[in-house]
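Enquirer: From the sequence below, what's the structure:
(chains A and B)
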Amino acid sequence: MYVADSRGTPAATPDAARITSGRRSAVAPTVFALGTVSLITDVSSEMVTAVLPLYLVTGLGLSPLGFGLLDGVYNGFSALVRLLGGHLADRGGRHKTVAVLGYGLSALCKPLLLLASSLPVIGAVLAADRTGKGLRTAPRDALISLACAPESRGRAFGVHRAMDTAGALLGPLTAFLILRQAADGYDAVFTVSFCVAAVGVLVLLLFVPSRTATAPAPDAPRPSLKAALALLRERTVRHLTLAALLLGLATVSDSFVYLLLQHRLGVPDRWFALLPLGTAAAFLLLAVPLGRLADKVGRWQVFLGGHVALLLAYGLLLTGWQSPALPFLTLALHGGFYAATDGVLMAAAAGSVPAGLRSSGLALIQTGQAAARFVCSIAFGAAWTAWGDRTALGTAATALTACAVGAFLLRPSTSPKEARP
Amino acid sequence: MTLRNKILVLVAALAVLAGVGTASVLHAAGRADRKNQTQADGPQVAGGDVTLTPGASRRIVFRNMAWGPHRDELTTVAAADPTGPRTASGVKCLRFYAAAGTGICLQAEHGAVQDTYRAVVLDARLKERAHYALPGIPTRARVSPSGRWVAWTVFVGGDSYAGTNFSTRTAILDTATGQLTPSLEDFTAFKDGKEHHAADTNFWGVTFAADDRLFYATMATGGSTYLVRGDLAARTVTTVHANVECPSLSPDGTRIVYKKRVPGLPADAPWRLYALDLATMRERALAESKSVDDQAVWQDGHTVAYALPGDYGSDLYAVPADGTGKPRRLLTAGLAPAYLG
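Expert: Numbering: from 1, shown residues only, chains lettered A, B, ... in the order given. From the prediction side, this is the model:
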């Protein structure tokens, strides 16, 4: 059986050996550093997100409607950029360089928002920001996977995702505190957002090593795009990608989940904006425990389990049962789904992608999943229109069950025990 | 670089960036303070008694945007002399409308961890009759000519980073019974003769007819906007025309002035004011050549008033509703007007 880590690193390096043989609770400093970078960057970006509608409507006097039409274009573009970022990062092991480029580009977009005053320009700045996000994601995940021992990858990704989400929750609060100090101080929000993003880039530059313990040697052959695509010929990678794709095809997008929650359970209007916070809170709390669980019982099992949680959330939305506990339960399951799938998929994928192609491989799987979810969004919107929300969700639940069974049958062997030679 | 030096670099950079951030917040706070100082050349505003009942002479009530202690307050000015002295009420609103002694004020409430918004129904003496929590940022408000029905629209959005999907929520309230329809999406919609269901359906900009049953509004779905005619008793909306946003029904109920997305105009300023004759369904461009992003208000049977961006955020303009004449500035530093009397 092809095992990536054994080929990428002929012998366990001292750093990796220390982690493997030492206390299992230690998370590599690089993972903490990357988690800190993500936390800081998310504070910066979510500050902007939180005030953007307000800024457009009350600051600039624009109507943000119709802006959403560009959303799909952005997402498709971001997915392509992610593949490019993954490939560039693998060439010569330049994960950190590409990550710095990505984080740096997004940071520079913040002051540009100060200059933009019309929807097309703001749209262009946001597109550049997303390009930065697309560029950095795969190399960052590759760095996380390369910085820790294979056995503790689930936990490492859990720690990273928890820190990332903590930043996302702190961002809106920061923005609000600034607007409390200065009414209409959107320029101050964007300036502070830039300063915070700059700190993130600096932490990345200073505290994340450019060569990780298990990174390929500098003289390793440069991976070609062909080699990256050839990953799909690898049985485990192919099955994993296929399974992520299948499950992604039945993953209803967040905004639909919140809308359904509101329709079905009668969540009051004023709580609507708080629903994503519920999902984020559950994600934050469960990311580390579920990551550890994935290390113990197998990433694939936890990944599938996450989709069962999502299925349960769909089920709750489908029942006519009315209870004040239901929104909380549904959001806990929804956040649990993210905690069991987002980092865990990357941990699982890292085990079957050789270190030299790590970024490209992770990008490939993420892009496949994102594309599948996008298709699902469009199909779900159409189904909602044609049949109403209940039937549409019932169909999605059936599709998810079928996809889960299909994914279960594919069963790519990614548990840590099997992944080791 | 040693760890010690790295930390030194980080601390130095943190100091600089914290300085820049603090300076920007202080600068913005100072600017916000200046907006509380009266400008010498600005409109004259004094606090006083404001009522929504029609008085001896016609008045305009609007949100005063002029700097000073009465900024954002509901303010009246004589309709015959709109640039004259203003009387401010002390009641702050982001959006406002009034008719027949009923006012609807959409306002922000500053909370400990976030701002929230609420809709306040006011009586003729600007006393609160009822209030309702809003799920997003206020954008449109209307009262039926009789004062019985009230409608408002808010923007809902900003859920995830660079999530550019905004949607609107339009509510309708019967002040006689207190019955609130939180979303017009609860009404049965008919598009091109068929019942229409779509998750992407959005409504905004309600305008009421005098009979307390008929209303018009914008419905958006599938990337297009439509004029819909609504029935408050049957709880239905039906499409009657395409490419119509923020309709405003004339006092006699025969014409609608609205903003139309004109092909070929810049994407950030795509609208022109048009008038639609409901009997012939013929539309005609008004003389305003700027892009108007507002729901116009009828001054009388011949002229409409609307807001355009200005030095204080927003100024009010007026233009004949039949396509003739040319636009003129009604008053500076004002938003959300309603005519009393």
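
Enquirer: Enumerate the residues of the stretch 201-341 of chain B near chain A.
Expert: Residues of the stretch 201-341 of chain B that fall close to chain A, judged by C-beta under 8 Å from any C-beta of the partner chain: B:202, B:204, B:220, B:223, B:266, B:267, B:268, B:269, B:293, B:309, B:313, B:314. For glycine as for every other residue, the C-beta is placed from the backbone atoms N, C-alpha and C.

Enquirer: Neighbour-wise, give me the winner out of these.
Expert: Sorting those by how many neighbours each has (other C-beta atoms under 10 Å in any protein chain shown) puts residue B:204 first, at 26 neighbours.

Enquirer: That one: what's it in contact with?
Expert: A:65, B:139, B:140, B:153, B:168, B:170, B:217, B:218, B:220, B:245, B:246 (C-beta atoms under 8 Å, 6 or more residues apart in numbering or on different chains).

Enquirer: what's the helix or strand for the last one?
Expert: Using DSSP states H and E, the secondary-structure element containing residue B:246 is strand B:245-249.

Enquirer: Give me the distance from that strand to the chain's centre.
Expert: Distance of strand B:245-249 from its chain centroid, counting by C-alpha atoms, centre = their mean, to the nearest Å, is 12 Å.

Enquirer: which strands and helices sit next to the helix or strand following that strand?
Expert: With elements assigned by DSSP H and E, the helix or strand that comes after strand B:245-249 is strand B:255-261. Packing contacts for strand B:255-261, counted by 3 or more C-beta pairs under 8 Å, 6 or more residues apart in numbering or on different chains; DSSP states H and E, involve strand B:224-231, strand B:245-249, strand B:271-277.

Enquirer: and the two most separated of the residues of the stretch 201-341 of chain B next to chain A?
Expert: B:223 and B:313 (30.1 Å; C-beta to C-beta).

Enquirer: Let me know how buried the residue in the stretch 1-150 of chain B that chain A sits nearest to is, in neighbour terms.
Expert: Using C-beta to the nearest C-beta, residue B:28 is the residue of the stretch 1-150 of chain B that sits closest to chain A, at 3.2 Å. Residue B:28: 23 surrounding residues under other C-beta under 10 Å.

Enquirer: Hmm, it is touching residue A:190, no?
Expert: No - using C-beta atoms under 8 Å, residue B:28 makes no contact with residue A:190, being 10.3 Å away.

Enquirer: related to what we said a few turns ago, tell me the one among the residues of the stretch 201-341 of chain B next to chain A nearest to chain A.
Expert: For these, the closest approach to chain A (C-beta to the nearest C-beta) belongs to residue B:268, at 3.4 Å.

Enquirer: Residue A:141 versus that closest one, what's the distance?
Expert: 36 Å (C-beta to C-beta, to the nearest Å).

Enquirer: repeat for residue B:188
Expert: 48 Å.

Enquirer: can you tell if the strand or helix carrying residue A:174 touches chain B?
Expert: Secondary-structure assignment from DSSP H and E places residue A:174 in helix A:153-181. Yes - using C-beta under 8 Å from any C-beta, helix A:153-181 reaches chain B at A:168, A:172, A:173, A:176, A:178, A:179, A:180, A:181.

Enquirer: Point out where chain B drops to low pLDDT.
Expert: Residues of chain B meeting the criterion pLDDT under 70: B:157-166.

Enquirer: Mind doing that once more with 80?
Expert: Within chain B, the stretches with pLDDT under 80 are B:55-56, B:111-115, B:156-167, B:199-200, B:223, B:267-268.

Enquirer: Which parts of it are helices?
Expert: Applying DSSP state H to chain B gives helices spanning B:3-34.

Enquirer: Which residue lies closest in space to the spatially most central residue of it, excluding its sequence neighbours?
Expert: Closest to where the C-alpha atoms of chain B average out (C-alpha atoms, centre = their mean) is residue B:140, at 3.5 Å. Leaving aside its chain neighbours, residue B:140 sits nearest to residue B:153 (4.0 Å; criterion: C-beta to C-beta, 6 or more residues apart in numbering or on different chains).

Enquirer: residues in contact with the one you found?
Expert: Applying C-beta under 8 Å, 6+ apart, the residues near residue B:153 are B:138, B:139, B:140, B:141, B:168, B:169, B:170, B:171, B:203, B:204, B:205, B:206.

Enquirer: next one: residue B:324
Expert: The contact partners of residue B:324, taken as C-beta under 8 Å, 6+ apart, are residue B:287.

Enquirer: at 10 Å instead, please
Expert: Residues in contact with residue B:324 (C-beta atoms under 10 Å, 6 or more residues apart in numbering or on different chains) are B:284, B:286, B:287, B:302.

Enquirer: Looking at neighbours, which among those is most surrounded?
Expert: Counting by other C-beta under 10 Å, top hit in the contacts of residue B:324: residue B:286 with 23 neighbours.

Enquirer: ok, now how distant is it from chain A?
Expert: 19 Å (C-beta to the nearest C-beta, to the nearest Å).

Enquirer: Please name the residues that touch that residue.
Expert: Contacts for residue B:286 (C-beta under 10 Å, 6+ apart) come out as B:257, B:272-275, B:292, B:296, B:304, B:306, B:319-327.

Enquirer: what about 7 Å?
Expert: Taking C-beta atoms under 7 Å, 6 or more residues apart in numbering or on different chains as the contact definition, residue B:286 lies against B:273, B:274, B:275, B:319, B:321, B:323.

Enquirer: Identify the residues contacting residue A:253.
Expert: Contacts of residue A:253 (C-beta under 7 Å, 6+ apart): A:373, A:377.

Enquirer: Touching, residue A:367 and residue A:81? I think so.
Expert: No - here residue A:367 does not reach residue A:81: they are 9.6 Å apart, not a contact under C-beta atoms under 7 Å.

Enquirer: ok, residue B:224 touching residue B:242?
Expert: Yes - under the criterion of C-beta under 7 Å, residue B:224 makes contact with residue B:242 at 6.3 Å.

Enquirer: ok so, going back, could you single out the most deeply buried of the helices and strands packed on strand B:255-261?
Expert: Across those, averaging neighbours per residue (mean count of other C-beta atoms under 10 Å in any protein chain shown) puts strand B:245-249 on top, at a mean of 24.

Enquirer: beta partners of the closest residue to residue B:327 other than its chain neighbours?
Expert: Once flanking residues are discounted, residue B:327 sits nearest to residue B:319: 4.1 Å by C-beta to C-beta, 6+ apart. On the basis of DSSP bridges, residue B:319 is bridged to residue B:304.

Enquirer: what's the answer for residue B:237, then?
Expert: Applying DSSP bridges to residue B:237 gives these bridge partners: residue B:189, residue B:230.
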